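Enquirer: Would you be able to build a 3D model of this:
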Amino acid sequence: MRLSRLLVLICLFAASALAHAAPNPDWTTPLAPFQIADNLYYVGSRDLASYLVVTPAGNILINANLESSPPLIKASVEKLGFRWTDIRILLNGQAHYDHMAGAAQILRETHARNMVMQGDDQAVETGGRNDPGLWALPNGDARYRAAVREMTTTDMTPEQIYELGMSEVKSTESQMTVIAKQQGYSDWKSYAAAIISNPKLRATSRDEILNTYRQYVAQMRPKLPQLFGLLPKASLEVVPVEAYREKEAAAASYFVGTPDGSRPGKVYVNTGDFEDRELPEIEATAYHEGIPGHHMQLSIQQELPELPPFRQHASYTAYIEGWGLYAERLGKDVGFYQDPNDEFERLASELLRSSRLVEDTGVHYKRWTRDQMVQFFQENSLETGDDLQAEVDRYISYPAQALSYKIGQLKILELRKRAQDQLGDKFDIRAFHDEILSGGALPLDVLDSRTSAWIVSVKSGKAANGR
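Expert: Prediction:
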């Protein structure tokens with residue numbers, strides 16, 4: 001069973017539970033827990049989809065936030081006969097992907113065959129298919145087009161995305177080559193190798209990693225009024241990933257605070273194996289996860305009083321991750337990335353997202369093998385070893401999800417250029433950003449229409465403060 005299938009399955013079970021809820025329910029009340037399949041249980045509430053997995057190794061995992069709603073989740077877990085002290089709680093980021101992959105494996109190994117969509121039975125009965133792409137399943141091409149539409153919220157075809165990815169990879173590698181030659185290297189790969197092998201560019205302690213993130217967040221904070229009129233009320237903290245999550249967690253991830261500000265937004269930073277972590281990677285990541293990236297966008301979204309609750313918490317990956325990647329570039333707009341190593345790593349971050357456009361469409365549309373995916377990554381990214389293998393497996397197991405980052409960023413950049421071209425002297429970067437953020441997360445086609453309407457309004461003099 002595919003990872004996307006598992007997500008659909010969980011959503012269907014959650015929706016079924018919601019449909020039978022009493023009128024005017026208490027949305028924080030846990031639903032009666034129930035078993036989805038062997039070793040997979042639903043333990044959520046009416047507003048929080050959580051599920052518990054017992055892995056083949058005997059680990060008990062749950063996707064829940066340790067700091068919010070533990071009593072209600074704990075009550076559901078204990079009704080199933082599990083001890084709360086035995087549970088490992090996963091928050092988000094890479095740990096969440098790993099958790100989902102584990103759940104998918106459990107479903108494959110149990111009686112999930114009766115739950116999968118029609119057409120997958122043969123794959124389950126024979127122990128799996130030989131080709132990794134979605135195309136190999138019945139109606140695979142149509143399924144992939146649907147996944148592309150869902151994850152990018154655009155009408156782009158797989159072929160268009162593949163060609164766009166190849167173009168973006170070439171463009172980004174050219175920019176990286178310019179920096180490499182300025183530093184005395186013949187090409188970007190030799191410069192990248194020099195950065196990786198330079199012990200002076202690696203962290204010497206856990207505190208150095210945390211303090212470097214905090215430094216970049218602190219230097220960006222006073223620059224925000226140059227870029228935005230709309231600012232979040234919620235504060236932001238940079239904290240270390242819990243010790244038990246270090247081996248699974250991403251380098252950094254953001255966890256949104258509460259709408260009333262009682263809990264701040266947090267950037268969780270993985271300080272494990274600190275001696276292997278490169279300091280030049282941190283600047284772009286700090287802007288992406290913190291400010292002006294995820295903390296800025298998600299905090300503002302849930303603080304907008306004019307939006308109904310479902311829009312205050314809307315989650316469109318192309319918009320959210322597109323904004324995060326766009327936010328990395330905003331550091332350049334205010335004069336940051338003065339160290340060429342940091343600017344090079346920012347471009348390496350963009351290269352990874354551009355390569356994803358090629359990798360994802362390559363395997364699910366162009367019928368690439370896994371070996372072809374690995375080879376392309378080796379030639380066109382800084383990913384190596386286990387990180388490279390994990391990236392490849394992620395694209396195979398979750399079709400089209402990885403397309404959203406670069407597609408979202410490019411749409412925001414397109415809208416910014418459109419506004420600049422059409423408004424001329426009337427263009428105000430703060431007003432533009434406020435317009436992008438003031439509607440909350442949106443499908444990209446809706447964002448496009450909304451921005452075009454705003455441009456017309458500004459031209460006519462009807463828009464106040466760009467909104």
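Enquirer: Show me where the chain dips below the pLDDT cut-off.
Expert: 1-31, 36-38, 44-51, 55-58, 63-72, 88-128, 464-467 (pLDDT under 70).
Enquirer: so where do the strands sit in it?
Expert: Secondary structure of the chain by DSSP state E: the strands cover 34-37, 40-42, 51-54, 60-63, 87-90, 236-240, 252-255, 265-269.
Enquirer: other SSEs contacting the second one?
Expert: Put plainly, it is strand 40-42. Where contact means 3 or more Cβ pairs under 8 Å, 6 or more residues apart in numbering; DSSP states H and E, strand 40-42 is packed against helix 3-19, strand 34-37, strand 51-54, helix 93-109. Using the backbone N, CA and C atoms, a C-beta is placed for each residue, glycine as well.
Enquirer: Can you say which of the strands of the chain is packed in most?
Expert: strand 265-269 (a mean of 24; mean count of other Cβ atoms under 10 Å).
Enquirer: okay, the angle between that strand and strand 236-240?
Expert: Put simply, strand 265-269 runs at 30 degrees to strand 236-240, going by axes from the mean of the first three to the mean of the last three Cα atoms, to 10 degrees.
Enquirer: Paired strands for strand 265-269, with orientation please.
Expert: Its sheet considered, strand 265-269 pairs with strand 236-240 (parallel), strand 252-255 (antiparallel) by DSSP bridges.
Enquirer: quick one: contacts of the first one?
Expert: With Cβ atoms under 8 Å, 6 or more residues apart in numbering as the contact definition, strand 236-240 has outside contacts at 206, 210, 213-214, 217, 264-271, 290-291, 295.
Enquirer: how about 10 Å then?
Expert: Among residues not part of strand 236-240, those counted as contacts by Cβ atoms under 10 Å, 6 or more residues apart in numbering are 206-207, 209-218, 221, 246, 249, 252, 254-255, 257, 263-272, 286, 289-291, 294-296, 299.
Enquirer: same deal with stretch 210-221?
Expert: Contacts for stretch 210-221 (Cβ under 10 Å, 6+ apart): 203, 205, 227, 231, 236-240, 252, 267, 269, 271, 274, 277, 279-287, 289-293, 295-296, 327, 330-331, 334-336, 342.
Enquirer: Buried only: go through these for me.
Expert: 203, 227, 231, 236-238, 240, 252, 267, 269, 271, 274, 277, 279-287, 289-293, 295-296, 327, 330-331, 336, 342 (16 or more other Cβ atoms under 10 Å).
Enquirer: List the contacts of the spatially most central residue of the chain.
Expert: Geometric centre of the chain, nearest residue: residue 321, 5.3 Å, by Cα atoms, centre = their mean. Residues in contact with residue 321, defined by Cβ under 10 Å, 6+ apart, are 288, 293-294, 353, 401-409.
Enquirer: In CSV: the residues you listed, plus distance to residue 388.
Expert: Listed next are the contacts of residue 321 as CSV, based on distance: Cβ to Cβ, whole Å:
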residue, distance to residue 388
288, 20
293, 25
294, 25
353, 15
401, 18
402, 14
403, 19
404, 20
405, 17
406, 18
407, 22
408, 23
409, 22
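Enquirer: Among those, which one sits closest to residue 366?
Expert: For the contacts of residue 321, the closest approach to residue 366 (Cβ to Cβ) belongs to residue 403, at 13.8 Å.
Enquirer: right, and that closest one touches residue 158 too?
Expert: Yes. Counting by Cβ atoms under 10 Å, residue 403 touches residue 158, with 9.2 Å between them.
Enquirer: what sits in contact with each of the two?
Expert: 147, 148, 357, 360, 361.
Enquirer: and the fourth one, what does it touch?
Expert: It refers to residue 360. Neighbour list for residue 360: 133-134, 144, 147-148, 151, 158, 161-162, 165, 366, 368, 373, 394-396, 398-404 [criterion: Cβ under 10 Å, 6+ apart].
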